[in-house]
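[1] Compute the structure for the input listed below.
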Amino acid sequence: MKRLLAAILLLAAANAAAGEKSVSLERDFGTLRGTLLTPEAGSGTAALIIAGSGPTPRNGNANNYLYLAQALEKAGVASLRYDKRGIGASLFDDPAKMSDAVLEDFIGDAAAWAEFLAGEGFRRIVLIGHSEGALIAFCAAQQAPEVDAVISLAGAGYPLDEVLQLQLAAQLAPDNMALLLQANAITASLKRGERVESYPPQLEALFHPSVQTFWISSLRYDPRTEIRKVTVPVLLVNGDNDLQVPPDNAEALAKAQPRARKIIIRGMTHPLKKAAGRTPADQMAAYGDSTLPLDPDLAAAVTEFIESL
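    Okay, here's the model as predicted:
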C-alpha cells in the first residue's frame, strides 16, 4: 500500500510539473538559468542537454537543442537545457571573473544540474553532451552518482590540441601555412600551461587573453581517458558529414570504451542537422537556419537508447 501511495504521489507531482518552466541554480559565479520541459503525461526520466563550445545559448545557435528537447518530449522524456555560465541569462555577478573560468567549472555545473534534476523527482538522469559538451558529460558523470547514462553527440575523440590542429589545417592549408604553424605553436605553449602575449590578429578570437585560462585547463583533458572512467551506459553518435568532428572521433572513443554503443548517422552535420553537401558553403543552412529541423535519425537514435535503459 505504501509503494502504491508513493507511486501515485510521484505521478501526481510529475503531472503537476508538466510543460515548460524556467529553472535556476545558484553557483559560485552567480546563477545558472535554464528551461525544464516535461511531457504532459509526466516522466520519470530527464535528460540534461550540455551545449558545445563558445557562446552557445540554451536553445543552440540554430535551435538544435530546442528541437532535441522537443523530440525528447514527444518520446516521453523530460529535458533541461541551460545557458552556460557567462552566457545568455547565466551572467557572472562580476563580469571580469569570466576570464578566470576553467573547464572544471562547467563540469561542476553539469554535475550540479544532475543533482537538481534528481531533487525534482526524476528517477533516471541522462547527460546529453554536444561537441565540447560531450567531454563535460563524461567528466560530470564521474562526479554525479545521480547520472544513469551518457550520450555523446559529435564528441571529440582526441585531445583539444589535436582536434584544433586538424580543423585549422582544413581551413588554412596550403595557402596560409605560416599562420597555421603560428597557431600550432601557440596551442603547444598553452598546453604546457604557458600564456601567450602575442599572436597574429587573425587568431585573436581564438587566443585572446580572456580565453587563455580556459584553453589551458581544457588542454589537460583527453576524451579517451575520461570515457574510460564512465561506468554507466554510453551512446556515441556522430555524423558522417561532420566537417568539424569527423566520425573517426567516435571510433576513437569506442575503442577507449568498448562497452559504448556507436552510431554514425548518414548526412548529419556538426550542428546535428542533415546536409547533402560536404563543404562549409554547402552546410551554411545547417549552422544558421533556425527553422531547419533536427536530423530525424538522431532523434530516433537518442530516444531509442534512452528507452532501452
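
[2] would you list every one of the helices in the stretch 51-200 of the chain?
    With DSSP state H, counting those that start in this stretch, the ranges of helices along the stretch 51-200 of the chain come out as 64-74, 103-119, 132-143, 160-172, 177-191.

[3] Could you figure out how far the last one is turned away from helix 160-172?
    The one in question is helix 177-191. 170 degrees (axes from the mean of the first three to the mean of the last three Cα atoms, to 10 degrees).

[4] for helix 177-191, what is the average pLDDT?
    Helix 177-191 comes out with an average pLDDT of 92.

[5] list the helices and strands that helix packs on?
    helix 160-172, helix 204-207, helix 209-218 (3 or more Cβ pairs under 8 Å, 6 or more residues apart in numbering; DSSP states H and E). Glycine gets a C-beta too; all of them are placed from N, C-alpha and C.

[6] and it, C-alpha only, in CSV?
    This file holds the C-alpha atoms of helix 177-191, laid out as CSV (Å, rounded to 0.1, in the frame of the first residue of the first chain):
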residue,chain,number,x,y,z
MET,A,177,50.8,27.6,-43.8
ALA,A,178,52.7,30.3,-41.8
LEU,A,179,49.5,31.2,-39.9
LEU,A,180,48.8,27.5,-39.3
LEU,A,181,52.3,27.0,-37.9
GLN,A,182,51.9,30.0,-35.6
ALA,A,183,48.6,28.7,-34.4
ASN,A,184,50.1,25.3,-33.6
ALA,A,185,53.0,26.9,-31.7
ILE,A,186,50.6,28.9,-29.6
THR,A,187,48.5,25.9,-28.9
ALA,A,188,51.6,24.0,-27.8
SER,A,189,52.5,26.8,-25.4
LEU,A,190,49.1,26.8,-23.9
LYS,A,191,49.2,23.0,-23.4
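
[7] and the angle for it with helix 209-218?
    Angle, helix 177-191 to helix 209-218, by the same axes, to 10 degrees: 60 degrees.
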